[in-house]
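Asks: from the sequence below, what's the structure:
(chains A and B)
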Amino acid sequence: MRYGYYPGCSLEKNAIAYHQSALAAIQPFDVELVEIDDWNCCGATEYIAINLLGAYSLVARNLALAAQQADSWGVQNGKHQVVAPCSACYLNLGKAETYLGETPQLLEKVNIALAEGGLNYTPGSLMVRHLLDIVVNDIGYENIASKVIKPLKGLRIAPYYGCLIVRPGFQVSFDDTEHPTTLDKLMRTLGATVVDFPMKANCCGGHMTQISKPVAMDMIYRLLKNAADYNADAIVTLCPMCQLNLDAYQGDVNKMFNTNLNIPVLYFTQLMGLAFGVPPEKLGLGKEFVDARPALAKIGVEIPEEPAKKKRPSKEELPMPQMPQEG
Amino acid sequence: MDHTPRLIFAMVKAGMRDAVLKSNTPWYCVSCYYCMTRCPQEIHITDIMYTLKRMSIEAGIYDKHVKDAPEFSETFIDYVKKYGRSFEVGLATRYHLSHHPMNMMGMAPMGMGMLRKGRMNLALTRKPIKGLDQLNKILAKAEELGGIP
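Replies: Numbering: from 1, shown residues only, chains lettered A, B, ... in the order given. Modelled structure (predicted):
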């Protein structure tokens, strides 16, 4: 089936590994992602803190473009399906679709704003879904199991959901809001060992790294420590913000808490790809800050070293010539 | 945190407008929606926290210790208006240079890591979306129509 695809800003560069591995992970299945042409930012958690109508109009442009372009997409339960791999995009798109549908006053004002750009939006024709939802529910565990040729045997995974994929469930609730299990089951389907991870649906802190370092570091530390306490080889995530916070700030956490945490943070799509036998370089592996090589070596995956950089000029300089010494 | 969430809601109900808008409590909200799924009264707590943020910015009386938060949001959205999408390099440099200049050296290793891992471009601009004019017309009108419900 053809789905509308809203990659979101992170997947263009910082989380390019997620984009690449998502395409590789769905490749064996009857899923085609059609990128919404000329989409814009969803506003993350920032615009809504400054301007309500601006925030909804920003998202509404995406919804209006999606609805215009949806003719060739498949229909499920009477709606065109839009897929977002980022939890924040998923929340913002689904929340706007829901609130615009429920609140005529909001819709009316948003449409006045959209009209300035020659657009109009009528809610109701779109269903915004997270990529994990598509994988476990539309593709399905059995289908996935049938494609596993390199099971992730012996790899201990802490499945990290974070917040927005399960809460509050504006348009879609496909898992429990506090004790989700779909990612656990997906990882077991790939042959991995899933460790208990009580904090799996706690927030990574989102933008707190930019606003209050002490708050952010504490939130990230608790998550990492929880995964380490259960001897996880890796944390698996489904959101670029979660990946960035847990991965890129792990060094800072170690400094602040005098710890030695060293847990790679991978996307679920990267592990799907590995289990399907996709070469690691096609899954964006190696872009993580905390090296995933030792963990992946447990399942026999070798990530090729980065190509050798240009040789630096030799440090040996010309010596000062000396007058020949008299014998 | 100046007030616990329960207390801040009691203060809202008691009409303590200025004390609520000066409180740093809403700025601790990371928008994880735990409260909203747990609230037995089904109050949209997260949305109300956002409303309190907007109201305190509008009134210009937010706590000075939280000034980074609205300014980070504004810098983020400035780039969205400039390119249509977020721009991490600009955000990281402009926001941190103006707000945490002494921390820039501390941030440098991460910036270098992002570049080395191919997770960030060393470019001072990015390509805007095709419909940038359209987007800005929409946003200008939306902001003119008002920000607080």
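Asks: out of everything not next to it in sequence, what's closest to the most centrally placed residue in chain B?
Replies: Taking C-alpha atoms, centre = their mean, the centroid of chain B lies closest to B:S73, which sits 3.3 Å from it. Nearest residue to B:S73, sequence neighbours excluded (C-beta to C-beta, 6 or more residues apart in numbering or on different chains): A:E46, at 4.0 Å. C-beta here means a position set from N, CA and C on the backbone, and glycine is covered the same way.
Asks: distance of the one you found relative to B:M114?
Replies: 20 Å (C-beta to C-beta, to the nearest Å).
Asks: grab the nearest non-local neighbour of A:D176.
Replies: A:V166 is the one closest to A:D176 (C-beta to C-beta, 6+ apart), at 6.8 Å.
Asks: can you give me the helices for chain B?
Replies: All helices of chain B, identified by DSSP state H, fall at B:5-13, B:17-22, B:34-38, B:45-59, B:68-83, B:88-90, B:96-99, B:104-116, B:132-145.
Asks: measure A:V83 to A:E288 for me?
Replies: 24 Å.
Asks: using PDB, write down the CA coordinates of the lowest-mean-pLDDT helix or strand in chain B.
Replies: Of all regular secondary-structure elements in chain B, judged by mean pLDDT, DSSP states H and E, the least confident is helix B:96-99 with a mean of 73. Extracted in PDB, the C-alpha atoms of helix B:96-99 (Å, rounded to 0.1, in the frame of the first residue of the first chain):
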ATOM      1  CA  HIS B  96      24.000  29.400  22.300                       C
ATOM      2  CA  LEU B  97      26.200  32.300  21.300                       C
ATOM      3  CA  SER B  98      23.600  34.800  22.600                       C
ATOM      4  CA  HIS B  99      22.500  32.800  25.600                       C
END
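Asks: identify the residues contacting it?
Replies: B:D68, B:E71, B:F72, B:N103, B:M104, B:M107 (C-beta atoms under 8 Å, 6 or more residues apart in numbering or on different chains).
Asks: if you set the cut-off to 7 Å instead, what comes out?
Replies: Helix B:96-99 is contacted from outside by B:D68, B:E71, B:N103, B:M104, B:M107, using C-beta atoms under 7 Å, 6 or more residues apart in numbering or on different chains.
Asks: what of stretch B:63-75?
Replies: A:46, A:49-50, A:207, A:210-211, B:22, B:24, B:27, B:57, B:62, B:91, B:94-95, B:99.
Asks: quick one: which of those residues is nearest A:M272?
Replies: Using C-beta to C-beta, A:H207 comes nearest to A:M272 of those, at 28.6 Å.
Asks: got the residues of the stretch 151-300 of chain A near chain B?
Replies: Residues of the stretch 151-300 of chain A lying near chain B by C-beta under 7 Å from any C-beta of the partner chain: A:163-164, A:167-168, A:177, A:203, A:205-208, A:210-211, A:248, A:287, A:289.
Asks: swap the cut-off to 8 Å and go again
Replies: Within reach of chain B by C-beta under 8 Å from any C-beta of the partner chain, the stretch 151-300 of chain A has these residues: A:163-164, A:167-169, A:177-178, A:202-203, A:205-208, A:210-212, A:215, A:219, A:248-249, A:251-252, A:286-289.
Asks: pull out the buried members of these.
Replies: Of all those considered here, the ones buried according to neighbour count by 16 or more other C-beta atoms under 10 Å in any protein chain shown are A:163-164, A:167-169, A:177, A:202-203, A:205-208, A:210-212, A:215, A:219, A:248-249, A:251-252, A:286-289.
Asks: distance check, the closest residue to B:T4 other than its chain neighbours against B:V12.
Replies: Nearest non-adjacent residue to B:T4, counting by C-beta to C-beta, 6+ apart: B:T25, 7.6 Å away. To B:V12, B:T25 is 11 Å away according to C-beta to C-beta.
Asks: more crowded one of those two?
Replies: B:T25 (21 against 15; other C-beta atoms under 10 Å in any protein chain shown).
Asks: average model confidence for stretch B:100-107?
Replies: Throughout stretch B:100-107, pLDDT has a mean value of 69.
Asks: repeat for stretch A:277-295
Replies: The model assigns stretch A:277-295 a mean pLDDT of 96.
Asks: how long is that stretch from one end to the other?
Replies: Taking C-alpha to C-alpha, to the nearest Å, stretch A:277-295 runs 17 Å from one end to the other.
Asks: show me what counts as buried in it.
Replies: Neighbour count says stretch A:277-295 has A:V278, A:P280, A:L283, A:G284, A:L285, A:G286, A:K287, A:E288, A:F289, A:V290, A:A292, A:A295 buried, by 16+ other C-beta under 10 Å.
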